[in-house]
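Asks: need a structure here:
(one chain, ligands or ions: 1)
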Amino acid sequence: MSVLRGRKIYSVLAFALVVWLAPAAAQENKSAGAGQHVNPQRLRETLEKLSEFGRKPDGGVTRLGFSEADMAAREYAMGLMRAAGLTVRVDAAGNIFGHREGTEKLPVLLFGSHIDSVLHGGNFDGDVGSMGAIEVIRALNDNHVTTRHPLEVIIWTNEEGNHFGLGTFGSSAASGKFGPEVLARRGDDGLTLADWLRRYGQDPARFAEARIVPGALAGYLELHIEQGGVLDEAHIPIGVVQGIVGIKHWKCAATGFANHAGTTPMNRRQDALAAAARAALAVRDEVRAEPGRQVGTVGYMKIEPGAVNVIPGRVEFPVELRDLDPAKIERIWNRVEKRFAAIGREENVDIHCALDDSDDPASSDPEIQALIRKAAEEAGLATMDLPSGAGQDAQEVAKVAPMGMIFVPSRGGISHSPKEFSTWEDVANGAEVLYRAVLMLDQASARERPAQ
Ligand SMILES: [Zn+2]
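Replies: Take a look at the predicted model:
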C-alpha cells in the first residue's frame, strides 16, 4: 500500500465532510431541475428482455461469463447499442464498447457495467448499469444532445468470475493486471480462456491490446445496485460511492493436541476448536471496537480430525477484513493478532496466521463524487456517501482513469440471489443521475485536455 494512496483516501474523507450537508439541500430543492430525461418504461422493457437470457424457473438467472446464455445476451446488448446509433467494437478481452462521436477532439467518457451473473443470481446486478448506460444514449438522442467528449458505453466481460475464477476479468485486462499466462487457464469444461476468446471472435495473441492507456479516458462512471441494505434502510434513492473497499485475507491455523474426549480432563486439554471459536469472536469484537463501516469475517472452519469423541487437534480458518482505509485494516489486524496470542496462551494452543491475499482499496475521484451529488440534487434526489463493500469493475478502471459510481437501493440488501430486487423507480432514478452526471462531466472545465 503506497503512502500516496493513503493520503488520497484521507483527502476523499475530508472532502466528504465538507459536502456533508448536500443531502439536506437536495431535499429542499426538490423542484429544482425537475423533469426526467431517461424513459423509465423503455429501460424497464430492456431489462426485462435481458432477464430472459439464462432465466431460471425460480425467476433468477444463471448467465455465467463465457456461457451460451452470456453470448446470446451480449448479442442482444450489441443490437441495442447499434439501434441507439452507437458504433460497436469488441476488444481482445471481449469487452463491448459502443461509441458515440463528440464535437471536440477530447478523451472518451466511458460508462457502463456488466451483464454476466453468478450461479442463480438476480436480474439487477450489472444489468441496471449496462442497460441504464444504453438508456442514457437513447435519451441523449431523443433530446438531440451532443457532447464535447466522445461517449462510450462499456459492457465488461466476466465480472463475476464464476467461469475461470477470474472476477472483474474484462476490466482487469483493461487495467493491465493480467499477463498472457492467464489465457492458458482451463475451465471445468476443458476449454481454456484462449478458446473462449476465440469463440468470441477474438485473437488471444492480441490480448494485451485490451489494455487502456492511463490518460486515454476523461473519466469512468458506473451505475450499480448497492448489493447491501444501507440505502434501502435509510430510504435514500442515490448512493455516492466513496470507493471500493480494500480486502485483506489471512489463512490461520490453531494447533492443539487431538486426544480422547472421554479420558482427557478439562484442565489438560489443548482444544484447537475452543481456541479457534474464541478467535472468531475476537475478530468480531475488534472490528466492532471502532466506529465506521469496516467489516471482518471468519468464513469457515476446517476441523481435524472432526470426530464426535476426539478433542479437535487442528482447526484451519480464514480471517477477512474490508475497509476503504488500509491503515484501519492494519490497525484492527494488529489488535486481532494480540488477541490471538493471548487466546493461544490461555488455551495452550498455537495460533498462526499468514497473509493470503490482498486487494488495495480504490478511491472514487472526489470531483466526480461531487458531480454525482450535484446531479442527484438537481434531479430532486437525496444522496448518501458510502463505500462499496463488493468488488467492482470500477476498482480496476480506477487504475487508469478518474472513476465514480452511482448506487441505487437493493431491497432488503439482498444480492447474488434470485430475490435481488430494486424498484423500477429506483432504477430509473439511477439512470437519470447517470444521464446528468455524464453531461456534467462532459462540461467539467478541469477535464479540458487534448486527446492522447
Ligand atoms: Zn456487479
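Asks: closest point of the stretch 301-450 of the chain to the ion, which residue?
Replies: residue 392 (6.5 Å; C-beta to the ion). All C-beta atoms are positioned from the backbone trio N, CA, C, and that covers glycine.
Asks: Show me which residues of the stretch 51-200 of the chain are close to the ion?
Replies: When proximity is defined by C-beta under 5 Å from the ion, the stretch 51-200 of the chain lies next to the ion at 125-126.
Asks: same thing but 8 Å
Replies: Within reach of the ion by C-beta under 8 Å from the ion, the stretch 51-200 of the chain has these residues: 113-114, 125-126, 129, 159-160.
Asks: Now tabulate those in TSV and tack on distance to residue 310.
Replies: Output for these, formatted as TSV (distance: C-beta to C-beta, whole Å):
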residue	distance to residue 310
113	50
114	47
125	43
126	46
129	51
159	44
160	40
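Asks: Name the member of those with the most neighbours.
Replies: In terms of neighbour count, residue 129 stands highest of these at 33 neighbours, by other C-beta atoms under 10 Å.
Asks: Please give the element, helix or strand, for that residue.
Replies: Here residue 129 sits within helix 127-142, counting by DSSP states H and E.
Asks: list the buried ones in that helix?
Replies: Neighbour counts over helix 127-142 (16 or more other C-beta atoms under 10 Å) mark 127-140 as buried.
Asks: picking up where we left off before, could you measure from the residue of the stretch 301-450 of the chain closest to the ion over to residue 140?
Replies: Residue 392 sits 25 Å away from residue 140, going by C-beta to C-beta, to the nearest Å.
Asks: Give me the spatial nearest neighbour of residue 436, chain neighbours excluded.
Replies: Leaving aside its sequence neighbours, residue 436 sits nearest to residue 375 (C-beta to C-beta, 6 or more residues apart in numbering; 3.7 Å).
Asks: and residue 44, what does it touch?
Replies: Taking C-beta atoms under 8 Å, 6 or more residues apart in numbering, we find residue 44 in contact with 424, 427-428.
Asks: rerun that using 6 Å as the cut-off
Replies: When contacts are counted by C-beta atoms under 6 Å, 6 or more residues apart in numbering, residue 44 touches residue 424.
Asks: got it, and residue 244?
Replies: 362, 388, 392, 395.
Asks: Ok, residue 442 next?
Replies: Contacts of residue 442 (C-beta under 6 Å, 6+ apart): 147-149.
Asks: Check the offset of the helix or strand harbouring it from the chain's centre.
Replies: With secondary structure defined by DSSP H and E, residue 442 is part of helix 424-443. Put simply, helix 424-443 sits 19 Å off its chain's centre (C-alpha atoms, centre = their mean, to the nearest Å).
Asks: Does that helix reach the ion?
Replies: No: in terms of C-beta under 8 Å from the ion, no part of helix 424-443 sits within range of the ion; the closest distance is 13.3 Å.
Asks: ok, which stretches of this protein are strands?
Replies: Assigned by DSSP state E, the strands in the chain fall at 87-90, 96-100, 108-114, 151-156, 217-225, 238-244, 246-255, 295-297, 302-304, 314-323, 350-359, 362-363, 383-388, 403-408.
Asks: And the residue nearest the centre of this structure?
Replies: Geometric centre of the chain, nearest residue: residue 392, 2.2 Å, by C-alpha atoms, centre = their mean.
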